[in-house]
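> Okay, sequence plus prediction incoming.
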Amino acid sequence: MPFVKNGVEKWQKAFEAAGFKNAIIAKMAPSPKEDPEFSPEDARYSVIRWLPSTIENASGPHINDPRTGEILESDIQMYHNIMNLQRSWYFLQAGPLDPRVQKLPMPQDLMGTLVEYVVAHEVGHTLGFQHNMKASSMYPQEKVRDREWVKKMGHTPTLMDYSRFNYVAQPEDKIDVADLVPGIGPYDIWATMWGYKPIPTAKSSDEERVTLDTWAREQDKTPWLRFSTDGSAGSDPGELTEAVGDADAVKSTALGIKNLQRVAKMLVPATTTQKGDPYDDLSELYGRMLGQWTLELNHVAAIVGGFDTQQKHIGQDGVRFVPISKARQAEAVQFLNANAFASPTWQIDKEILRRIEPIGVLNRVRNAQNSVLNNLLSSSRFARVVEQSALDGAAAYQPAEFMADVRKGVFSELDAPSVTVDAYRRNLQRAYLDIANAKLNASPAAMPAGLPASFAAMFISSGDEKAYYRSELRAIDAAAAAALAKTGDAATRVHLEGVRDQIADILDPKSARASSATPGGSRIAFDLMEMFMNSNDACWPDYEIKP
Ligand SMILES: [Zn+2]
């Protein structure tokens, strides 16, 4: 209870900045003796409910007067297993920075702090605030490792982002453990002021507009007060869910992976403290660790074909969409080649795997890598790369460079003097061919009926795409043919012959061996998920890709 109450009353700080004292207070529901008439269904009360449920989520919808926008009442739902989700995230993201989580279960005061954080986020929704995935990317990347900055500003400027716990900071940064969890940030204070501060000189909402617009211009000077850009359609790598330090996802993900490697070493000692228990925690947290890895790498994929964006209206200087430089896009692909597509040996720990399952790691790694590759090669991203090249010429990252960079990463072994492809990489290479097959032979994903027009940009594909994949497949086939002469490894030989057969099938799907095409809609689903999370009130989707 004290944690739930604190989660509500945290917002007093924001309201004080808007000129209100004790604006928001949490109270225990009265007992039947104290108030026999009390009902949580009574529209005069805004209630937080704890629901006995295995769902790992919470939500904070509100009811408003459609004529004025005035919020009339709200009710927050806390599903019980939101605590399991918070525990897992905190362990995987901030575990190496917090001595309290070296052994599970976590102490009660820490679990309470995590509940407080969720309540505060949901209260933000009930006050009318939407998710803001943008603001966190406007902090300079290095600041999320700066103990003094984080103490004052947080690692994210807003509770309303999905920027959960600081996975970028390193143990040597010595961040105070109290600052690993987001609190009311500068954006929250500013947005509360904009939404709630009275403008006594205005006699109507129209008359408020000049003052409100003046306040909004503060976003030009202080970039972390910004909000998602209208119509950016998944093109802005700063508008990411689950991201810390997304001003530079390459640097932040590199640091995040260092922490995940520490987490991998913590897993067995942390989860084996209760004699007689099964290895359920180890199994669950190992799977979620791969999910966290995938997530952080996907933040890097988002840079390719991306734009730095800022919402602007007529009268403000400059354009709304600025393409990310060729150097940054190419750097992102090189990073993925080295970190996502190289076999992640630190994840492959027999001390863990042989405690949880007889078989599975090859598929787990394949699924995690495939998620990143599929995202990187999404048709909407490729269409943006083609169009950036059409508009910006040689200054842009060229589609041919992009495709070749990915190919050289995924099939890097084929150029070596002596060729061996390990089991993880064989899976990855086949995953690439499956994606190519879908591009060439599956029917393109249509935009589902009923979506707003602003989603249409996610369904744009390039007429050049098929031709590029055919060209890439021919290059891979030639390299595989040459590599066959350079391998003495039986598994590699069989694999390379299989690669050549599969390419022949994809390029000539009418042939007898033609395999059925795999659907190619994953990136679109991913984009849509992000857009919906930007726009609605259901807050804590279980993001991970379960192997
Ligand atoms: Zn939310």
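Yes, it's here.

> for Ile71, phi and psi?
Note on Ile71: its backbone torsions stand at phi -80, psi 120 [degrees, to the nearest 10].

> what about it, distance to Asp173?
With distances taken as Cβ to Cβ, to the nearest Å, Ile71 is found 39 Å from Asp173. All C-beta spots, glycine's among them, are computed from the backbone N, C-alpha and C.

> One more: Ala485?
From Ala485 across to Asp173, the span is 51 Å (Cβ to Cβ).

> do the same with Lys33
Distance of Lys33 to Asp173, computed by Cβ to Cβ: 52 Å.

> One more: Ala396?
Ala396 is 36 Å from Asp173, where distance means Cβ to Cβ.

> Can you pick out the residue with more neighbours from the two?
Ala396 (22 against 15; other Cβ atoms under 10 Å).

> pretty sure that one contacts Ser389?
Yes. When contacts are counted by Cβ atoms under 8 Å, Ala396 is listed as touching Ser389 (4.4 Å).

> Show residues contacting whichever helix or strand Asp505 is part of.
Asp505 belongs to helix 490-507 when assigned by DSSP states H and E. Judged by Cβ atoms under 8 Å, 6 or more residues apart in numbering, the contacts made with helix 490-507 from elsewhere in the structure are 414, 419-421, 423, 426, 429-430, 433, 436-437, 440-441, 470, 473-474, 476-477, 480-481, 483-484, 487, 511, 513-515.

> out of the residues you listed, which are inside helices?
Filtering these for membership in helices, criterion DSSP state H, returns 423, 426, 429-430, 433, 436-437, 440-441, 470, 473-474, 476-477, 480-481, 483-484.

> ok, of the residues you listed, which come out buried?
When the ones in helices among the contacts of helix 490-507 are checked for burial by 16 or more other Cβ atoms under 10 Å, the buried set is 426, 429-430, 433, 436-437, 440-441, 470, 473, 476-477, 480, 483-484.

> Between these, which sits nearest Lys152?
Here the nearest of these to Lys152, counting by Cβ to Cβ, is Gln429; it sits at 48.0 Å.

> And the pLDDT for the closest one?
Reading off the confidence values, Gln429 has pLDDT 98.

> isn't it right up against Phe411?
Yes. Gln429 is within contact range of Phe411, at 6.1 Å (criterion: Cβ under 8 Å).

> quick one: low-confidence parts of the stretch 151-300 of the chain?
Residues of the stretch 151-300 of the chain meeting the criterion pLDDT under 70: none.

> Helices along that one, start to end?
According to DSSP state H, counting those that start in this stretch, the stretch 151-300 of the chain carries its helices in the segments 186-196, 205-216, 218-221, 249-271, 280-301.

> and those helices, which is most packed in?
Of all these, helix 280-301 carries the top mean neighbour count, a mean of 23, counting by mean count of other Cβ atoms under 10 Å.

> what angle separates it from helix 249-271?
An angle of 180 degrees separates the directions of helix 280-301 and helix 249-271 when computed by axes from the mean of the first three to the mean of the last three Cα atoms, to 10 degrees.

> and Ile63, helix, strand or coil?
For Ile63, the secondary structure call by DSSP: H, G, I helix; E, B strand; the rest coil comes out as strand.

> avg pLDDT for the helix or strand hosting Gln93?
With elements delineated by DSSP H and E, Gln93 resides in helix 82-94, which encompasses its position. With pLDDT averaged residue by residue, helix 82-94 scores 98.

> hang on, the earlier thing: anything in contact with each of Ala396 and Ser389?
Common neighbours of Ala396 and Ser389 are not found (criterion: Cβ under 8 Å, 6+ apart).

> mind listing what the residue nearest to Met266 when sequence neighbours are not counted touches?
Nearest non-adjacent residue to Met266, counting by Cβ to Cβ, 6 or more residues apart in numbering: Gly95, 5.8 Å away. Remark: with contacts taken as Cβ under 8 Å, 6+ apart, Gly95 is in contact with Val101, Gln102, Asn259, Arg262, Val263, Met266, Ala270.

> from memory His125 sits against Ile71, does it?
No. When contacts are counted by Cβ under 8 Å, His125 is not listed as touching Ile71 (10.3 Å).
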